[in-house]
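Participant: Mind folding the following:
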Amino acid sequence: MTAAPTRRRIGVAAVALAAGMSLAACGGADAGSDANSLGTIDAGTISFAFRSDDKPTSFVDNGKPAGFLIELTQAMAAKMKVTPKYTATDFASMLPNIRNHKYDSAAFGTLATDARKQVTDFTSPVSFGEAKMVSRKDAALSTVDASAGKTVAITRGSELIPLLKAKVPTVTVKEFPNIAASANALTAGQVDGLFTGETTALDLVTKHPDYTASPSITSGQTALPVAKDKPNLRKALDDALKSVIADGTYTKLFDKWNPQGVAIPADMIAFYPGLQQRPGAGS
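Facilitator: Modelled structure (predicted):
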């Protein structure tokens, strides 16, 4: 189903899109190839699942997919000369539906853990994840370790769940379908903290003056997932990613979408020699 252009609030759109609404990206390159050498679901196109609630990485703005990884995958698709299509979905079903060929990949940085690599291929890294503990200022958790014995909200299916449990064994994790639901629970006092990626944490703190965020911990390499039986597609995505890094598009989009104070991770700079840090963030 193609997205209606009607302006609506993001929260409302998230509910509607979670039911499977597909969104075609604006622009895109010539869909030309009828040989479909990439092995995408439909020749000349590449379908991405995305999250509708994870601003600024992957979200819905005025009824359309938006965010850093939306625009990055659009730039990559242009290099590959295919037209990108986007479908909003929940995180828990994202990887199974890529393995089952419902989507070609995901415009969302997924932690490439050893367990996931056994069942899904991943591109080279699109970033190296960092996560923060968000809490209310009147009951602040100053570090991730301070969540010991507390109840913490995390998006259902997130690899941050085992990461937090391994670091803080006495924490109780309460899973929610999306960031908005987790934030509502934190505001209502149903949980003591909310564990999420760095950019999302900073966005929450900006929107909620009564929130505070802990220092970051490293959560690991994030990449775009691809079904194991599509090696040509994975290689094409890898080549396109290298190309948008080399021509400066990656740094430009990172600077556009990420809050001030968030630098391109040092591990990312080290992985791609020549990748430029965002302006003002140092080397």
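Participant: Strands of the stretch 51-200 of the chain, start to end?
Facilitator: 53-54, 58-61, 64-66, 83-88, 105-106, 110-111, 121-122, 127-136, 151-155, 172-176, 193-197 (DSSP state E, counting those that start in this stretch).
Participant: In three-state terms, how would residue 238 be classified?
Facilitator: Under DSSP: H, G, I helix; E, B strand; the rest coil, residue 238 falls in the helix class.
Participant: And it, how far from residue 170?
Facilitator: Distance from residue 238 to residue 170, counting by CB to CB, to the nearest Å: 40 Å. Placement of C-beta: from N, CA and C, glycine included.
Participant: Of the two, give the one with the bigger neighbour count.
Facilitator: residue 238 (17 against 9; other CB atoms under 10 Å).
Participant: And the pLDDT for that one?
Facilitator: As predicted, residue 238 sits at a pLDDT of 98.
Participant: That one contacts residue 124, correct?
Facilitator: Yes: in this structure, residue 238 is within contact of residue 124 by CB atoms under 8 Å, at 5.1 Å.
Participant: Hmm, residue 68 and residue 56 touching each other?
Facilitator: Yes: Residue 56 is in contact with residue 68 according to CB under 8 Å; the separation is 5.8 Å.
Participant: which residues do those two both contact?
Facilitator: Jointly contacting residue 56 and residue 68 under the rule CB atoms under 8 Å, 6 or more residues apart in numbering are 199, 257-258.
Participant: Name the nearest of those residues relative to residue 36.
Facilitator: Nearest to residue 36 among the shared contacts of residue 56 and residue 68: residue 257, at 31.2 Å, using CB to CB.
Participant: returning to that earlier point: go through the strands of the stretch 51-200 of the chain and find the least confident stretch.
Facilitator: strand 53-54 has the lowest average pLDDT among the strands of the stretch 51-200 of the chain, namely a mean of 82.
Participant: Parallel or antiparallel, list what pairs with that strand.
Facilitator: strand 58-61 (antiparallel) (DSSP bridges).
Participant: Could you list the buried residues of the strand it pairs with?
Facilitator: Buried residues in strand 58-61, defined by neighbour count with 16 or more other CB atoms under 10 Å: 58-60.
Participant: go on, stretch 215-227?
Facilitator: 216-217, 219-227.
Participant: Could you tell me how far that stretch lies from the centre of the chain?
Facilitator: 9 Å (CA atoms, centre = their mean, to the nearest Å).
Participant: Please apply the same query to stretch 127-139.
Facilitator: That offset, for stretch 127-139, works out to 16 Å (CA atoms, centre = their mean).
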